[in-house]
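Colleague: Return atomic coordinates for the entry below.
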Amino acid sequence: MSTEQPADPGLSSDDAIRAMLLLMPRVAARLKRISVPERLRSFNLAPRHLSLLSYLLFDGPTPVSRLAACLEVAPTTVSLMVSDLTKQGVLQRRADPDDGRRTIVSITEDEETRSAIEGWLAGGADAWRAAFEPLSPEERAVVVRTIGVYESGTVGDAD
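Modeller: As a prediction, this is how the structure comes out:
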């Protein structure tokens, strides 16, 4: 008797579409139920802020131009977001010591605010880590590209 697992036959395109049509609304509903920590509620954070904070949490202090490239928006858009969050005490700005024309952005050093941000973002990061860990780098790239293509192809989004 063989103990080998049979090769995974994969999914047809139609079966994959069916699976995703079931799964995506569930994912969206779960994301909507993630409550903003009490410490951050007064800041009126939007999904775009979540992405900005995620990059800063993962990458540390980052120039505005790099954040704009990562978020795929104009540097002026990031500057406005950073200005708003800096006034609220969520972010800090400083001049780049190597190039005074550039601004480096980081999450505040206020421990309570920083902990709230880390806790808020940890669940999503942990879920992605669990999903990506068993995959090869090539498989991870396929997943990321696929979700990007799906996002680009959706119609009627609010952006």
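
Colleague: Give me the pLDDT value at the nearest residue to Leu91 once chain neighbours are set aside.
Modeller: Counting by Cβ to Cβ, 6 or more residues apart in numbering, Leu91 lies nearest to Leu85, which is 4.3 Å off, once chain neighbours are set aside. Using the backbone N, CA and C atoms, a C-beta is placed for each residue, glycine as well. Looking at Leu85, its pLDDT reads 93.

Colleague: pLDDT weak spots in this protein?
Modeller: 1-8, 156-159 (pLDDT under 70).

Colleague: how about the helices of it, start to end?
Modeller: With DSSP state H as the criterion, the chain has helices at 13-33, 38-41, 47-59, 64-71, 75-87, 111-132, 137-153.

Colleague: Kindly state which of those helices is positioned closest to Asp98.
Modeller: The closest of the helices of the chain to Asp98 is helix 64-71. By Cβ to Cβ, the value is 13.3 Å.

Colleague: Can you check what angle separates the closest one from helix 75-87?
Modeller: Computed with axes from the mean of the first three to the mean of the last three Cα atoms, to 10 degrees, the direction of helix 64-71 lies at 110 degrees from that of helix 75-87.

Colleague: please renumber so the chain begins at 41
Modeller: Okay, residue one is now 41; in that scheme the one you just asked about reads as helix 104-111.

Colleague: Which neighbouring elements make contact with helix 104-111?
Modeller: In terms of contacts (3 or more Cβ pairs under 8 Å, 6 or more residues apart in numbering; DSSP states H and E), helix 104-111 is packed against helix 87-99, helix 115-127, strand 139-147.

Colleague: Could you export those as a markdown table, including mean neighbour count and distance to Ile74?
Modeller: Compiled in a markdown table, the helices and strands packed on helix 104-111 are given as follows (neighbours: other Cβ atoms under 10 Å; distance: least, Cβ to Cβ, whole Å):
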| stretch | mean neighbour count | distance to Ile74 |
| --- | --- | --- |
| helix 87-99 | 17 | 9 |
| helix 115-127 | 16 | 19 |
| strand 139-147 | 15 | 19 |
